[in-house]
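# pasting the sequence and the predicted model now:
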Amino acid sequence: MRYNTHYEDRKKTIGHHINLGIFVLLCIVNLTPFVWGLITSLKTEREVLQYPPKFLFFTPSLEHYITIFENNFFHSVLVTLGYSACAIVIGVTFGLMAAYAMKRYNFFGKKALFFAILCGIPLSIGSAAMVIPNYVYFSTVGLIDRWYTLVIINMAYHMPMCTWIIMSGIEGIPIEIEESMALDGASKPYIIFRMIPSLCSPSIASAALFIFIGTWNEYVSASVIVNSNAYRPIQVSIYNYLGFFGREWGPLTAAATAAVLPSLIIFAILGKYLISGLTQGAVKG
Amino acid sequence: MKRNFAIHVNRVILLLLCVVLVISCTACGQPNTSSNQQQENNQNAAVAEKEPIEITMWTFLDPNGTDGRGQTLKKIIEDYEKEFPYVTVSVETQDYTTLTTKFLTASAVGNAPDICWVESTRSPLIIEDGHFIPFEDMFLDEWSDEDIADVKDSFWDMAGDGKHYTAYMSRNSVSIVYRQDLFEEKGIDPNSIKSWDDLVEAAKKLTYVDENGMQVYGLGQNYAEGTNGTNYVIEALLSTDKLFTPDGTAVWNNETAVDAINYQKEMIEMGITPEYCVSATFDDVVTDFIAGKYAMIMSGNTRVPKIKEACAYDPDAVQCMLIPQLFDDTDMKIIAGGWMVGVWSGSEHPYEAGKFLEAMISREADCMWVETGGQIPMRQSTRETLKDYFADPDNAYLLVAQEALTNHAWMYPNNFDSTGLYLGINRAFNSVMVNGEDPMQALTQTAEDFNIAAS
Amino acid sequence: MKQKRNIIGNLLSLPAFMLILFVMILPVGYAIYYSLLDCDYMKITGFVGLENYKEFFASDLMMQTLFRTFVLSFCSLIISLLIGLLLALWIHGSKGPFAFALQIVGLIPWVTSMVVAALLWQWILQTDTGLLNYLISRIGLDKIVILNDKRNAFIALTIVMAWRCVGYAMVQILAGLKSIPRDYEEAAEVDGCGKFQVFRYIRMPLLKTPLLLSAIIITLSNFNNLTVPQVLTNGGPGNATRVLSLAMYQEGFQFYRFGFSSTIACIMFVINLLLVISYVKAVKYEV
């Protein structure tokens, strides 16, 4: 008996060690570029490309962070946060409406909408391939280079995924709840915009997260469809350091590190919703 | 009760939709009204000159940035706006890799900026598609013969029809960038390198393993398919003029190219150029040079200021020399590159835009581009004006670059599109090195591909 | 309520529908239009019908590129899914802060800017100045040539693309795992099923849908990925890592052959669409 517990304990500790080992390996693989970028961003310019590379004993310096802030990086951060906020609020609202319609009503053109959502998924993921046609199209309708251009584009790009996620969230809500609410005198707008979101809030949160990550990391369309420096989102600012006169590793890694932080913070806060939001139904397809 | 709800819902939703529709209508309608307004503005401007206007320019430079070139541009804009108080110059910074494509598309659709920078390493053909207004229609008539003589070089008379459409800014020349300190360490005099064989000999001495255990290579080159940097094989074909027939047929499948490929292979076998030059781009080579991996690289001069800024060794040790003569009987040639800057033919303010372009290439501006921007001088007179500046050994590389551009430039032909040459040569070299193909066969294949795409 | 056609449905879905239609689907029309033209340097010189498509399908280089793109997307998909599945199972079995840490670490590659991640990987994998080879040589082993060797470069590209998507697969599968009612697993355990059997007979069938969903999204994302191949290897050495999106980009942005570039874009779109439709058929989704 005593031997047995001892054996169990040992098995547990070994298992624990293996787990820890794999975790460390995972951290190394996933975090190396990130950490290396962070280290690089803190070096002085002359140390950045030095070989053999210095991992710890370099002269720490914030010069690259100062450079990026002098180059209006903060403006891009604010602009991109603005784009994300608008795209999330309007995108989630429209997505919710469409998802509700898809799930609770039968209407003319439902199949067309479904097909549009289907086409939209590859079009948004493969937007790089469409960049020239997109430019021509947006010029023709006069949507180039306005403050709302990127809001509209990001909203549209994530509309299919967003609708899809919320649709599966609504699927998990029994229709009886709605019916009894309606009998109790709840109006339809109240049901759609208050009750449904509160019942499938994780889905809403994960849809919002998808829009945020997408908007925050969108580069190809943004670089072509917006001209003014004032409307320049964050990824375009980062690319700016891969210039005609050479790669500026210091500011590049500084900007990239600074750009990852908001995503990480938001993930740390909303991460748990992401999983449970998808649980509610995205998996049901 | 329920019915009322339904009606209520319908109304609310209808209202929402109306709002959406109105928003989208104004969104779509706005460009029309604004362009109408602009047209009116334009007419007004003709009547009363002082109506405030804005001209836009696309470039990869950022006047609000911290680097010297951006600062120079900012200064030029400030001076210009003092002279033309009713004009605001708005610079829209673009990604240089997509800038040209974006301009071509915008010009076709009709909303390009007043002034645009276009990559000239592509093709002078762009000029002839009518994207730009000739200088003759804007300001060139006011120029004296002396002024014109000052800017007249192989770039100036690029267009086939004798007119002048674009100025060549951010010029790029190619030379050997080397490390004086390593040369001294190994006892090599850079001035003794007169031929390619001398260069190879020097590179052999400069290939060694340094105290940190890093392999240092004598000569860095780039052969990646997507790169636009020059290399030995391209140089050999350029200096013997065996790339194209005058009418634009690719004929690089010849003995010279085969010999050059074989010689390049030999250089790799000697160890002076690393084997992975096949996948190195221009940027990779520069990055590795900064890290100290190469003693010499064949590189564009535009990168020298960056190298000096970022290298871990003594920045003064970074020097340039002309690429030595490859063959006894022919002259060395380099591909002249840069950015063509012109006023868009659809511009609504061609006069003001032209004046701004003129300001960017004025005598004072040229000096500023050189001094604060680290650019190769464009005017002959600048060499005189900034004599002291060039006397500083730190800036001597600019003179090497200008020398190469003045006396050894190979200009892109203006009767056909020659831009596929890098891809053709590099792809052939890759096939030989990576897939073990026969050089002649590989060259013939890429020359055929080029000719098919051109037809 | 569900059966009768109702105008409210139209009204509710109108904004989303309009957005998708006007922002995403209409530009496809332009792509098709340009793909039928001879349009170098954006100068339309003639209507060529299906010539560009013929050129595409007749070119050995393009066919190889197409095939390579499929192999690359498929291989990196398998890696992402497998590792994503293992991670998800692990997180599902763990508790508290450890599970949370795992989740965040797993997600980092997915939230980092692609170009910077790819650039840093390129730096790490460089033969002479890279971190990996520095560490290898410090241990005293021979350096490995990665990005400059045909086979290794392809493997490296596959792994980096997979690396980027593991987090996404993990999240989707984890969500699927969490949605499996505990009762099923408990019942199976009571019936004397081993851990593997629970996985094989209870979880696996219920995970089919999240696996498929992430499979499609990851395939699409790999198939269309331009940034990672461009930054990491730019098609080289030789054309060992040249993929379709890269070919599309080069035609359009380096050679200014917009007609042919649009043709590649259209072909890519059709392939994408087929992938999505096959997915919908596979999960038997009904409108």
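On my side now, so go ahead.

# close to chain B: what parts of the stretch 1-150 of chain A are there?
Selection of the stretch 1-150 of chain A residues close to chain B by C-beta under 8 Å from any C-beta of the partner chain yields A:45-52, A:67, A:70-72, A:132, A:135-136, A:139-144, A:146, A:148. In short, each C-beta sits where N, CA and C put it, glycine included.

# residue ranges with poor pLDDT in the stretch 201-350 of chain B?
Nowhere does the stretch 201-350 of chain B drop to pLDDT under 70.

# filter the residues of the stretch 1-150 of chain A next to chain B down to the buried ones.
Burial by neighbour count, 16 or more other C-beta atoms under 10 Å in any protein chain shown: within the residues of the stretch 1-150 of chain A next to chain B this picks out A:45-51, A:67, A:71-72, A:132, A:135-136, A:139-140, A:142-144, A:146.

# where does the chain have low pLDDT?
Just going to use chain A. Where chain A drops to pLDDT under 70, the residues are A:1-8, A:276-285.

# can you look at chain C instead?
Checking chain C against pLDDT under 70 turns up C:1-4, C:283-287.

# for it, longest helix please?
helix C:60-93 (DSSP state H).

# next, the buried residues of that helix.
Across helix C:60-93, burial judged by 16+ other C-beta under 10 Å covers C:62, C:65-66, C:68-70, C:72-73, C:75-77, C:79-81, C:83-85, C:87-92.

# give me the neighbour count for B:Ser455.
Using other C-beta atoms under 10 Å in any protein chain shown, B:Ser455 has 7 neighbouring residues.

# who's in contact with the helix or strand following the longest helix of chain C?
Per DSSP states H and E, helix C:60-93 leads on to helix C:96-111 as the next helix or strand towards the C-terminus. Here helix C:96-111 makes contact (C-beta atoms under 8 Å, 6 or more residues apart in numbering or on different chains) with A:23, A:26-27, A:30-31, A:33-34, A:213, A:217, A:260, A:263-264, A:267-268, A:271-272, A:275, C:87, C:90-91, C:94, C:117, C:163-168, C:170-171, C:174.

# please pick the buried ones from these.
Buried subset of the contacts of helix C:96-111 (neighbour count, 16+ other C-beta under 10 Å): A:23, A:26-27, A:30, A:33-34, A:213, A:217, A:260, A:263-264, A:267, A:271, A:275, C:87, C:90-91, C:94, C:117, C:163-168, C:170-171, C:174.

# report the contact partners of B:Gln180.
Counting by C-beta under 8 Å, 6+ apart, B:Gln180 makes contact with B:190, B:316-319.

# do I have it right that C:Arg5 meets A:Phe108?
Yes: counting by C-beta atoms under 8 Å, C:Arg5 touches A:Phe108, with 5.9 Å between them.

# quick check: which element contains the residue nearest the centre of chain A?
For chain A, A:Ile213 is the residue whose C-alpha lies nearest the centre (C-alpha atoms, centre = their mean; 1.0 Å). If you go by DSSP H and E, A:Ile213 is part of helix A:201-217.

# distance between that helix and the chain's centre?
The chain centre lies 6 Å from the centre of helix A:201-217; the measure is C-alpha atoms, centre = their mean, to the nearest Å.

# now residue 32: closest residue in space that isn't a chain neighbour?
You didn't pick a chain, so chain A it is. With sequence-adjacent residues excluded and distances taken as C-beta to C-beta, 6 or more residues apart in numbering or on different chains, A:Thr32 is closest to C:Ile124, at 6.7 Å.

# actually, chain C is the one I wanted.
Spatial nearest neighbour of C:Ile32, chain neighbours left out: C:Cys266 (5.8 Å); criterion: C-beta to C-beta, 6+ apart.

# cool, and B:Ile127?
B:Tyr165 (4.7 Å).

# tally of neighbours for the one you found?
24.

# so it makes contact with B:Gly130?
No: distance between B:Tyr165 and B:Gly130: 9.4 Å, which falls outside the contact criterion (C-beta under 8 Å).

# need the residues that contact stretch B:377-386.
B:149-151, B:153, B:167-169, B:171, B:361, B:363, B:366-367, B:369-371, B:390, B:398-399, B:402.

# where does the stretch 51-200 of chain C get nearest to chain B, which residue?
C:Asn148 (3.2 Å; C-beta to the nearest C-beta).

# that residue: how many residues sit nearby?
Burial of C:Asn148 is recorded as 24 neighbouring residues (other C-beta under 10 Å).

# may I have the phi/psi pair for the closest residue to it other than its chain neighbours?
Among residues not flanking C:Asn148 along the chain, B:Tyr276 sits closest, at 3.2 Å (C-beta to C-beta, 6+ apart). Main-chain torsions, B:Tyr276, degrees, to the nearest 10: phi -80, psi 10.

# tell me the contacts of B:Tyr276?
C:127, C:145, C:147-148, C:237.

# do I have it right that A:Met181 meets A:Arg194?
No: taking C-beta under 8 Å as the definition, A:Met181 is not a contact partner of A:Arg194, at 10.0 Å.

# the stretch 51-200 of chain B against chain C: which residues are in contact?
Residues of the stretch 51-200 of chain B lying close to chain C by C-beta under 8 Å from any C-beta are B:97-98, B:100-101, B:104-105, B:107-108, B:122-123, B:125-126, B:129.

# which ones among those residues are found in helices?
Among those, DSSP H puts B:97-98, B:100-101, B:104-105, B:107-108, B:125-126 in helices.

# buried by neighbour count: which residues of the helix or strand where C:Leu12 lies qualify?
Using DSSP H and E, the element containing C:Leu12 is helix C:7-19. Using 16+ other C-beta under 10 Å as the test for burial, helix C:7-19 gives C:8-19.
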